[in-house]
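S.K.: Below are the sequence and a predicted model for it; my questions follow.
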Amino acid sequence: MAEVERLLVIGGTGFIGHHFLRAAVRKNWKVCSLSLHPAQPKRHVAEVEYLAANLLDREEIHLRLRQRDFEYVVNFGGYINHSLFSRGGRQLVEEHFTGVQNLIEVLPRNCLRAFVQIGSSDEYGDAPAPQSEDLRESPISPYSLGKVATTHFLQMLHRTESFPAVVLRLFLTYGPGQDHKRFLPQIIHGCLNNDNFPASTGEQVRDFCYVEDVIRAILLALENDSTRGEVFNIASGEKVTIRKMIETIQQLIGGGKPEFGKIPYRASENMCLYADTAKANQIMGWSPQFPLELGLEHTINWYRENG
């Protein structure tokens, strides 16, 4: 084993990825980030080596990673999009499934101890809540199909080649630095500015998990050998309606004028999506440490200070 653990992070320039880079650097690991786009100044971590490549270009990945070995790999790659197949869905499937195949084909395995794939609660589709890892997935979009295909591909590799894969299915992660186009930052900005803003009727039930809790789960999954070949839900395990979430942010900020009912629900949207997190607790010893209001307070304060 190397004296210093070497970590490759795919998508380290994104929201969760850049939080994870900072945590890995604090552990004194040698960290390399491979992303399609360069890091924004606010997300740049000085101790990290940044590389650029498209996961759909196998030769480009090979060029960037040749003569490199890693103990750990974490894949945040791909983007969230709920478009229909007829509106660019094939590209979404390829971004998530083909990209991972390309990466694993060129990834040196000599020293590899863990490959953590960041999955999604969307893999459950319209499965009944609370969603547990033993439920059959029911994808309802090309995005969720790409995630499900990747999960099964990695589990097959673990069974047939002892590939050290772990899949973490994240529910709704939130926290400082999330892209302004995402749901919670939009609500926070609307309330900070005391604006009118459109919303659905807000009856959807969701499960929100603070980003620092998610980062701790990823680190535990990397360093715990008993996680190999497994799928874990990473979430708070607490259900909250979208309307309640918006109203809580209103109360914490003291502003905002949501116009409920102005936005329709998505086609095939799962109205009740929250996790059973018992498996992560039993095998990894993980449970969330940030109650919802505390996580929201940290997040709101960040947007107050950073815009």
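M.R.: Now that the structure is in, tell me what you want to look at. Residues are numbered from 1 along each chain as shown.

S.K.: residues making contact with the helix or strand of the chain with the lowest mean pLDDT?
M.R.: Lowest by mean pLDDT, DSSP states H and E among the helices and strands of the chain is helix 89-93, with a mean of 85. Contact partners of helix 89-93, identified using C-beta atoms under 8 Å, 6 or more residues apart in numbering, comprise 78, 81, 83, 141-143, 145-146, 149. The C-beta positions use only the backbone N, C-alpha and C, and glycine is treated the same way.

S.K.: ok, 6 Å please
M.R.: With C-beta atoms under 6 Å, 6 or more residues apart in numbering as the test, helix 89-93 has contacts from 81, 83, 142-143, 145-146.

S.K.: Just the buried ones from those residues?
M.R.: 142-143, 145-146 (16 or more other C-beta atoms under 10 Å).

S.K.: how about the helices in the chain?
M.R.: For the chain, the helices defined by DSSP state H cover 15-26, 58-65, 89-93, 99-106, 142-161, 183-192, 211-223, 242-253, 278-284, 292-306.

S.K.: For the ones you listed, which has the smallest mean pLDDT value?
M.R.: Lowest mean pLDDT within the helices of the chain: helix 89-93, at a mean of 85.

S.K.: Now do the buried residues in that helix.
M.R.: Buried positions in helix 89-93, judged by neighbour count with 16+ other C-beta under 10 Å: 89, 92-93.

S.K.: Make sure Arg169 is actually in contact with Asn233.
M.R.: Yes - the pair Arg169 / Asn233 is scored as a contact, 5.2 Å apart, by C-beta atoms under 6 Å.

S.K.: What's the local residue count around the nearest residue to Asp276 once chain neighbours are set aside?
M.R.: Closest residue in space to Asp276, ignoring its immediate chain neighbours: Ser132 at 3.9 Å, by C-beta to C-beta, 6 or more residues apart in numbering. For Ser132, the number of neighbouring residues by other C-beta atoms under 10 Å comes to 15.

S.K.: So Arg136 versus Gly17, what's the distance?
M.R.: Arg136 is 29 Å from Gly17, where distance means C-beta to C-beta, to the nearest Å.

S.K.: Show me which of the two is the more surrounded one.
M.R.: Gly17 (21 against 8).

S.K.: roughly how far apart are Arg66 and Trp302?
M.R.: In terms of C-beta to C-beta, Arg66 sits 39 Å off from Trp302.

S.K.: Actually, Ala127.
M.R.: Taken as C-beta to C-beta, the span from Ala127 to Trp302 is 33 Å.

S.K.: Break this structure into its domains for me.
M.R.: Domain ranges of the chain: 6-173+209-235+276-284, 175-206+238-273+290-306, per automatic domain parsing.

S.K.: what's the span of the longest one from first residue to last?
M.R.: If I follow you right, that is domain 6-173+209-235+276-284. The first and final residues of domain 6-173+209-235+276-284 sit 22 Å from each other (C-alpha to C-alpha, to the nearest Å).

S.K.: Same question for stretch 46-53.
M.R.: Termini of stretch 46-53 sit 20 Å apart (C-alpha to C-alpha).

S.K.: If we go by neighbour counts, what in that stretch is buried?
M.R.: Residues of stretch 46-53 classed as buried under the neighbour-count rule (16+ other C-beta under 10 Å) are 48, 50-51, 53.

S.K.: And for stretch 69-81?
M.R.: 70-78.

S.K.: just stretch 229-248 next, same as before
M.R.: Applying 16+ other C-beta under 10 Å to stretch 229-248 flags 229-237, 239-243, 245-246 as buried.

S.K.: Of those, which is the nearest to Ile10?
M.R.: Ile234 (17.5 Å; C-beta to C-beta).

S.K.: shouldn't that closest one be in contact with Leu168?
M.R.: Yes - the criterion here is C-beta under 6 Å, and Ile234 meets it with Leu168 at 5.0 Å.
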